[in-house]
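# Here is the input, now give the coordinates:
(2 chains)
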Amino acid sequence: MKQIMLAHGGGGEETQKLIKELFFKYFNNEILLSMEDSAVLNINSKVAFTTDSFTISPIFFSGGDIGKLAIAGTVNDLSVMGAKPLYLSCSFIIEEGFPFEDLEKIVKSMAEELKKTGTLIVTGDTKVVPRGFVDKIFINTSGLGKVVYEGVSAHNLSEGDSIIVSGTVGDHGVCIMAQREGIDMQTDLISDCDSVWTLVEDLIKGNVKIKAMRDPTRGGLSAVLNEWAESSNVEIEVLEEKIPVKPQVQGLCELLGLEPYVLANEGRIVVAVSKEDTEKALEILRKNPLGKDAQLIGKVNSKGKKRVILKTSYGSLRIMEPPAGEILPRIC
Amino acid sequence: MGKVDFLKDFRDKEKILAISKLIKKEIDRPINVMEVCGGHTHTIMKYGLKQLLPQEIDFIHGPGCPVCIMPKERIDHGIVLCQDEKNILVTLGDMIRVPGSESSLAKERSKGKNVKMVYSPLDVLKIAQENPNKKVIYFAIGFETTTPMTASVIEKVLESKMKNVFFHINHVLVPPPIKAIMESKEAKIDAFIGPSHVSVITGAKIYKDIVDSYKTPVVVAGFEPVDVMESILRIVRQFKEGRREVEIQYTRAVTWEGNVKAQNLIKKYFEVRDEFRWRGIGDIPFSALKIKEEFSFLDAEVVFKDILPNKPIDDHKLCICGDILKGIAKPYDCKVFGKACKPENPLGSCMVSSEGACAAYYKYGNLEVYKQ
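Below you'll find the model as predicted:
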């Protein structure tokens, strides 16, 4: 079996071979191929810039892999700022002995994810470290996007605004947790890992006034809503029965004593819009396959409370606390 | 019969509201209900059930969380055991976060010590097979619910003649702390809801003495909101009708006798300890289990006795977990609740475990108090 050797990161002939025969093959574009020390880009607009590092276990999971995640994650961070993703950098830190075949699978899946938004990887780096120094493979991606919609901010929420989520929550978190722990779910549940730019683009093209928008990754829905409540100094009320959760996600959460609202998502958006724009936003989101399960889950109640309240279907209320610490299953 | 949908049928809005109405209509006196198990505390807080009940019902949170009641010196045992690089310490869930006297298993893990968290005790066997040159010590915790699983791992270890697995047993029993609380007469408790998962194993019969001795109804309840509400209704009716009984609400899996096979498995390998120190409560006689002497070659407390400390260590002096576990204080009565003591940095055991009363109050909040 062909493996990644320390020499692949040494900067010599093997590195050149890896770059040309693997990365160029899949990330093929003129800027990258020019092989200069920096990519020279031409963007005549306000620019959004973001970076993220990806480490995940297992690296291949149902619905995606670390490569797909590394593209979607950064593309989504740009998207939710109203920026069209254009260029990415990509940096690999690989453990010596990593199967070449797996690296190719990852790179191929990155290339496929890039195609969805027409984003290009224009610069990159590869380091190979001795066994045990990293867990298989870490990927860092940074991204530049052209801001096409301005004014999206966590500080914008005001009384009466609607809170919309683009699809079911917790799918990614549950998939990863189940696979990591070897829990055989016997279901077809896959991670929601995906690039959300088209959803955002649809909303912008549909003239929806987006007040706040986030991709609920680590910390899940609860983290996003609590951050908004804090930043905008408002109370947000969500209706438990309206939050879309797949039965198999709910089931595993019950089993482990977790809540789907704190689990990570990798292909969802949470959007705050004014009351008047609610129906339009829902209609637009639902037309896109990525947003077919979009739901209005709650509203902004009033100023000054800085908290998120969850209303159960029986009318009782409780605080939806922000997630804290390591997510651990209950014992009994 | 149609298929039972556990998620829908036992959270059904109409059912819950109907039971809520009945309770309000039928209650004829104030009733303090102790939910023995942290799982019930969690359900009550998570679904805001208190808001659906009349003011006459007050909940008192009991000692039933295996993590909360673990004294610091026993956590220190785990910490000592994982210092030797030839050992692998294995435990369940949030046990790894509980602070001992100076550290926690999570902190030791971050320092590179070999601490593994598993979802099922059976994983201990796999870890031991994969690490034949290491001593794998299972730090077993839990009430009667998780004990049969530990017993079954012991059985498998003996059958397969594995020589590198040891057990640090911290299995505790439900009835003794209830008796200790009632005997102390500090808490004013009129009735109990008992955890269904314990009685799936032990049967509902374990509560007969308690009802006979203290005239407090005990209803063995499931953990879904409908289960808890229905159990409260049953308690209200017992008082209304002048009855004091053990009742099984969770008839889905609980019988009077329980799972005799599991009980026999427990009896085969475990015996009752003369005494066990409960965090915050103190020594309670006959309240925990240990491995029978004939299997002491598997007992980590025997095998590693030379290195295990045994001096009792008190809780943080500002922490009132002991009073909370005894039912004489609520989390909000604690000066450090939500301030110096939070889930990410717990001072006391009730904040550590997601089953703990403080963690449930902190996580789901009590809107009435937040409003103040």
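# hmm, the helix or strand containing B:Asn264 in reach of chain A?
With secondary structure defined by DSSP states H and E, B:Asn264 is part of helix B:260-269. No: against chain A, helix B:260-269 shows no contacts by Cβ under 8 Å from any Cβ of the partner chain, the least distance being 14.4 Å. All C-beta atoms are positioned from the backbone trio N, CA, C, and that covers glycine.
# Now find how far off-centre that helix is within its chain.
The chain centroid and the centroid of helix B:260-269 are separated by 20 Å under Cα atoms, centre = their mean, to the nearest Å.
# State the mean pLDDT of that helix.
Averaged across helix B:260-269, pLDDT comes to 97.
# Mind giving me the packing neighbours of the helix or strand just after it?
The helix or strand immediately downstream of helix B:260-269 is strand B:270-272, counting by DSSP H and E. With contacts taken as 3 or more Cβ pairs under 8 Å, 6 or more residues apart in numbering or on different chains; DSSP states H and E, strand B:270-272 sits against strand B:289-291.
# Return the distance of the strand it packs on from the chain's centre.
Relative to its parent chain, strand B:289-291 has a centroid offset of 17 Å by Cα atoms, centre = their mean.
# And the contacts of the next helix or strand after that strand?
Going down the chain from strand B:289-291, the next helix or strand is helix B:300-303, by DSSP H and E. With contacts defined as Cβ atoms under 8 Å, 6 or more residues apart in numbering or on different chains, helix B:300-303 is touched by B:77, B:81, B:137, B:166-169, B:290, B:296-297, B:308.
# Which strand or helix spans the nearest residue to B:Pro54 once chain neighbours are set aside?
Once flanking residues are discounted, B:Pro54 sits nearest to B:Lys24: 4.9 Å by Cβ to Cβ, 6 or more residues apart in numbering or on different chains. Secondary structure from DSSP H and E places B:Lys24 in helix B:13-26.
# What's the mean pLDDT across the helix or strand just after that helix?
Downstream of helix B:13-26, the next assigned helix or strand under DSSP H and E is strand B:31-37. Across strand B:31-37, the average pLDDT comes to 94.
# And stretch B:125-137, by the same measure?
What stretch B:125-137 shows for mean pLDDT is 97.
# so where's the longest helix in the chain?
Just going to use chain A. Criterion DSSP state H: the longest helix present in chain A is helix A:100-117.
# could you do chain B instead?
If you go by DSSP H, chain B has its longest helix at helix B:225-240.
# That one to strand B:31-37, inter-axis angle?
On the basis of axes from the mean of the first three to the mean of the last three Cα atoms, to 10 degrees, helix B:225-240 is oriented at 140 degrees to strand B:31-37.
# If we ignore the residues flanking it in sequence, what's nearest residue 58?
All of this refers to chain A. Nearest to A:Pro58 is A:Gln179, by Cβ to Cβ, 6+ apart, at 5.5 Å.
# Actually, chain B is the one I wanted.
B:Asn32 (5.0 Å).
# okay but that neighbour is in contact with B:Asp190, surely?
Yes: contact criterion Cβ atoms under 8 Å: B:Asn32 and B:Asp190 qualify, at 4.9 Å.
# Looking at these two, which is more packed in?
Per other Cβ atoms under 10 Å in any protein chain shown, whichever of B:Asn32 and B:Asp190 has more neighbours is B:Asp190, with 20 against 16.
# what residues are up against that one?
By Cβ under 8 Å, 6+ apart, the contact set of B:Asp190 is B:31-33, B:216-217, B:239.
# What of A:Ile93?
A:Ile93 makes contact with A:127-129, A:134, A:137-140 under the criterion Cβ under 8 Å, 6+ apart.
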